[in-house]
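Engineer: no FASTA, just this:
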């Protein structure tokens, strides 16, 4: 009887749960644009994905490398300007190259700029890194604003459209969503893979104790610059989607507002896992589109600031960090109920029969 009582459903293997979770998420992401209106597929889904990609580059630097860079939107803007200048625009200004040449050049340009930013900022830490990267971002903003020969000044470039490939207009809501989804999945897989390679493990160790890693013979500067290059490639990929989504790019794209939006998205979702930036992007885009139904548009930044403050105070790991806390709370409540149940059962088992005497040993 004891053997039968102890036998029960065997626990699932360790690898089954993540595979099952990824499978469910994949099915939902694929079905989503097919069952929702075009507004939800394009404005909510597509925008959340490419903002998540750009924020993912910041999460890679900050979460795994301990380097908070405020120049990730600048790198995305560089890639967007390259697409506009090289690939064509409403002014017919530029080289008018095909997409298969313009896109790799834009990603390469963003990666090079990110590497240069890394070479400048890796020798600093903390608030100094933030100040250097925001200074670089502002320098690029004013360069684009005041330069008319290359960046067309305040107006920027319009009619920067994605190409028609295989007879598909990738500016349409559903195709653009799937294009953004493909870039997001590749970026997510790249970050997840790198975090488990020797390079990623060394980068995380440098984040925790750079002096010890340097004493062990690791080139701390090279690892950090390489991290900036990887993050730059990811941000540049998101920048290509950004300019195709807006169909234009101007200095306002790389102004202080969008720069800090990327930081807010990354912190809001969580910087300890690559899924955090995408979760934060979904929340940010939903608030941006629907909060104005309840508050004035001028109050939107106040609302975002309050959400940011609440996350920092009550869940430093972002919204994604609330899940482990909720699971732990449920487990503690279940364990407490089981203890109460066992204690109640023990009291009933030792209760003497009616009319009997309780005999105590001496």
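Structural biologist: Here it is on my side, so go on. Keep in mind the model is a prediction, meaning the values are calculated, not measured.

Engineer: what helix or strand does residue 300 sit in?
Structural biologist: Under the criterion of DSSP states H and E, residue 300 resides in helix 300-314.

Engineer: so for that helix, what's the average pLDDT?
Structural biologist: Along helix 300-314, the predicted confidence averages to a pLDDT of 82.

Engineer: Now the element after whatever helix or strand residue 267 lives in, going C-ward?
Structural biologist: Remark: residue 267 resides in helix 256-269, with elements defined by DSSP H and E. Toward the C-terminus, helix 256-269 is succeeded by helix 275-290 as the next helix or strand (DSSP H and E).

Engineer: ok, residues contacting the helix holding residue 300?
Structural biologist: Contact with helix 300-314 is made by 264, 267, 268, 283, 284, 287, 288, 291, 292, 295, 318, 319, as judged by C-beta atoms under 8 Å, 6 or more residues apart in numbering. C-beta: built from backbone N, CA, C; applies to glycine.

Engineer: which residues touch the second one?
Structural biologist: So that's residue 267. The contact partners of residue 267, by C-beta under 8 Å, 6+ apart, come to 280, 308, 311, 312, 318.

Engineer: could you pull out the helices for the stretch 101-250 of the chain?
Structural biologist: Along the stretch 101-250 of the chain, the segments classed as helices by DSSP state H, counting those that start in this stretch run 127-146, 173-194, 198-208, 210-215, 220-246.

Engineer: Quick one: closest of the ones you listed to residue 55.
Structural biologist: helix 220-246 (8.3 Å; C-beta to C-beta).

Engineer: Does anything pack onto that closest one? Which helices or strands?
Structural biologist: With contacts taken as 3 or more C-beta pairs under 8 Å, 6 or more residues apart in numbering; DSSP states H and E, helix 220-246 sits against helix 47-59, helix 65, helix 72-87, helix 99-121, helix 173-194, helix 198-208, helix 210-215.

Engineer: now with 6 Å?
Structural biologist: Applying 3 or more C-beta pairs under 6 Å, 6 or more residues apart in numbering; DSSP states H and E, we find helix 220-246 packed against helix 47-59, helix 72-87, helix 99-121, helix 173-194, helix 198-208, helix 210-215.

Engineer: returning to what we had before: just name the most buried of the helices of the stretch 101-250 of the chain.
Structural biologist: helix 220-246 (a mean of 25; mean count of other C-beta atoms under 10 Å).

Engineer: what distance separates it from the centre of its chain?
Structural biologist: Averaging C-alpha positions (C-alpha atoms, centre = their mean, to the nearest Å) puts helix 220-246 13 Å from its chain's average.

Engineer: when you give positions from now on, start the count at 3
Structural biologist: Yep, numbering from 3; the last one is helix 222-248 now.

Engineer: Could you find the closest non-adjacent residue to the most centrally placed residue in the chain?
Structural biologist: With the centre of the chain defined as its mean C-alpha position, the nearest residue by C-alpha atoms, centre = their mean is residue 279, 2.0 Å away. For residue 279, ignoring the flanking residues on the chain, the nearest one in space by C-beta to C-beta, 6 or more residues apart in numbering is residue 57 at 3.5 Å.

Engineer: distance of that neighbour from residue 51?
Structural biologist: When distances are taken as C-beta to C-beta, to the nearest Å, residue 57 and residue 51 turn out to be 11 Å apart.

Engineer: For those two, indicate the residue with more neighbours.
Structural biologist: Set residue 57 next to residue 51 and count neighbours by other C-beta atoms under 10 Å: residue 57 wins out with 32 against 28.

Engineer: Local confidence estimate at the more buried one?
Structural biologist: Residue-level confidence at residue 57 comes out at 96, pLDDT.

Engineer: Okay, and residue 319 sits in which element?
Structural biologist: When secondary structure is defined by DSSP H and E, residue 319 falls outside every helix and strand.

Engineer: My guess is it contacts residue 271. True?
Structural biologist: No. The pair residue 319 / residue 271 is not scored as a contact, 9.7 Å apart, by C-beta atoms under 6 Å.

Engineer: ok, the two, which is more surrounded?
Structural biologist: Ranked by neighbour count (other C-beta under 10 Å), residue 319 and residue 271 place residue 271 first, with 30 against 19.

Engineer: That one and residue 57: what is the separation?
Structural biologist: In this view, residue 271 and residue 57 are 7 Å apart by C-beta to C-beta.

Engineer: next one: residue 286
Structural biologist: As for residue 286, its distance to residue 57 is 9 Å (criterion: C-beta to C-beta).

Engineer: now the helix holding residue 269, how far from the chain's geometric center?
Structural biologist: Helix 258-271 has its average C-alpha position 10 Å from the chain's average C-alpha position, going by C-alpha atoms, centre = their mean.

Engineer: pLDDT averaged over that helix, what's the number?
Structural biologist: Helix 258-271 shows a mean pLDDT of 93.

Engineer: If you count neighbours, what's buried in that helix?
Structural biologist: Taking 16 or more other C-beta atoms under 10 Å as the neighbour-count basis, helix 258-271 is seen to contain the buried residues 260, 261, 262, 263, 264, 265, 266, 267, 268, 269, 270, 271.

Engineer: Rebuild the residues you listed as a markdown table, extending it with distance to residue 92.
Structural biologist: Shown next, in a markdown table, are the buried residues of helix 258-271 (distance: C-beta to C-beta, whole Å):
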| residue | distance to residue 92 |
| --- | --- |
| 260 | 22 |
| 261 | 26 |
| 262 | 29 |
| 263 | 26 |
| 264 | 27 |
| 265 | 32 |
| 266 | 32 |
| 267 | 30 |
| 268 | 33 |
| 269 | 36 |
| 270 | 35 |
| 271 | 35 |
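
Engineer: residues near the nearest residue to residue 197 once chain neighbours are set aside, how many?
Structural biologist: In space, residue 197 comes closest to residue 66 once its chain neighbours are excluded; the distance is 5.9 Å by C-beta to C-beta, 6+ apart. Using other C-beta under 10 Å, residue 66 has 24 neighbouring residues.
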